[in-house]
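Visitor: Task: produce atomic coordinates for the following.
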Amino acid sequence: MRFFIAALISVPFFLESQEVNADDILFLKVQELESEISVLRSELEVQAYLIDKIVSETQTKAINNDPENLVSASENTFRFEGINDGQSIEEVYQQAILELNDKNFLDAKKYFSYLADNFSDDEKIPLSLFWLGEISLLESNLDESENFFQLLAINHPEHWRTPLAHKKIGDILMMSDEPGAAKIKYQFVVQTYPSNAASSLALQLLENME
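Guide: Down below sits the predicted model:
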């Protein structure tokens, strides 16, 4: 009987203890969540600061390096260093093609250069290098043109424009009064890309050199 009474007396204390423990656990969980929220808020603030800093530096660099600001500061904020944004690549490339079609070669060159210097893309970057080579060729800047075609050929050997880039290098060698080197380059195109249209062009030039 005494044991039963003692048990009844202890029940309220046990329940009260359980309630206290539950409250303590809930309080600790709330504190833990508040701490996590504080950490996340701090991380977000740091990220926001870094993004603002990068945007500011990019805009300042664009203005300082290009007084005429043909590629505007806002265009230079399409992306941040190290981020390969497909949408930005497409936007800049289409703008470059638009300028090229309008024969605004200086503007087109700046857009293509911006792509080649800042992005990585298996299709648009080789094409940008090709058009940079073509524009430089139109400007009679043979050394620069050859450099762009060489970059395309070396860095993107599997691209569909690479055979034509090799043939263009042969053309530049001919213009530079180096027919022997040009002939070797044309022969390389014919032997390496026999089914490509560039091979037919190179073969025709080789026949004309005989």
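Visitor: Tell me which residues touch the residue lying closest to M174 once chain neighbours are set aside, please.
Guide: Once flanking residues are discounted, M174 sits nearest to A182: 4.3 Å by Cβ to Cβ, 6 or more residues apart in numbering. Where you see a C-beta, it was placed from the backbone N, CA and C, and this is true even at glycine. Shown in contact with A182 (Cβ atoms under 8 Å, 6 or more residues apart in numbering): 170-171, 173-174.
Visitor: Let me know the closest of these to A96.
Guide: A96 has its nearest neighbour among those in D171, at 22.8 Å by Cβ to Cβ.
Visitor: I'd like to know how many residues surround that closest one.
Guide: By other Cβ atoms under 10 Å, 20 other residues sit near D171.
Visitor: now it, nearest residue through space, not along the chain?
Guide: Closest to D171 by Cβ to Cβ, 6+ apart is A182, at 7.4 Å.
Visitor: secondary structure element for that neighbour?
Guide: Secondary structure from DSSP states H and E places A182 in helix 179-192.
Visitor: Name the residues of that helix that come out as buried.
Guide: Across helix 179-192, burial judged by 16 or more other Cβ atoms under 10 Å covers 182-183, 185-186, 188-190.
Visitor: And for stretch 95-111?
Guide: Neighbour-count burial for stretch 95-111, counted by 16+ other Cβ under 10 Å, picks out 95-97, 99-100, 105, 107-111.
Visitor: Now do the buried residues in stretch 193-200.
Guide: By neighbour count with 16+ other Cβ under 10 Å, stretch 193-200 contains the buried residues 193, 196, 198-199.
Visitor: Save these as TSV, and put in pLDDT too.
Guide: Converted to TSV, the buried residues of stretch 193-200 look like this (pLDDT from 0 to 100):
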residue	pLDDT
Y193	97
N196	95
A198	96
S199	95
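Visitor: Just name the closest of those to S140, please.
Guide: The nearest member of these to S140, counting by Cβ to Cβ, is A198 at 22.1 Å.
Visitor: got a pLDDT number for the residue nearest to the closest one when sequence neighbours are not counted?
Guide: Among residues not flanking A198 along the chain, P163 sits closest, at 3.9 Å (Cβ to Cβ, 6+ apart). On the pLDDT scale, P163 is placed at 97.
Visitor: now the contacts of A182 in JSON lines, with distance to D122?
Guide: Output for the contacts of A182, formatted as JSON lines (distance: Cβ to Cβ, whole Å):
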{"residue": "G170", "distance to D122": "25"}
{"residue": "D171", "distance to D122": "26"}
{"residue": "L173", "distance to D122": "28"}
{"residue": "M174", "distance to D122": "30"}
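Visitor: quick one: which of these is nearest to L206?
Guide: Of these, the one sitting nearest to L206 (Cβ to Cβ) turns out to be G170, at 9.4 Å.
Visitor: hang on, the earlier thing: OK, contacts around the residue nearest to A198?
Guide: Taking Cβ under 8 Å, 6+ apart, we find P163 in contact with 189, 192-193, 196-199.
Visitor: you'd agree K168 is up against L142?
Guide: No: K168 is not in contact with L142 according to Cβ atoms under 8 Å; the separation is 10.6 Å.
Visitor: Kind regards, and thank you for your time.
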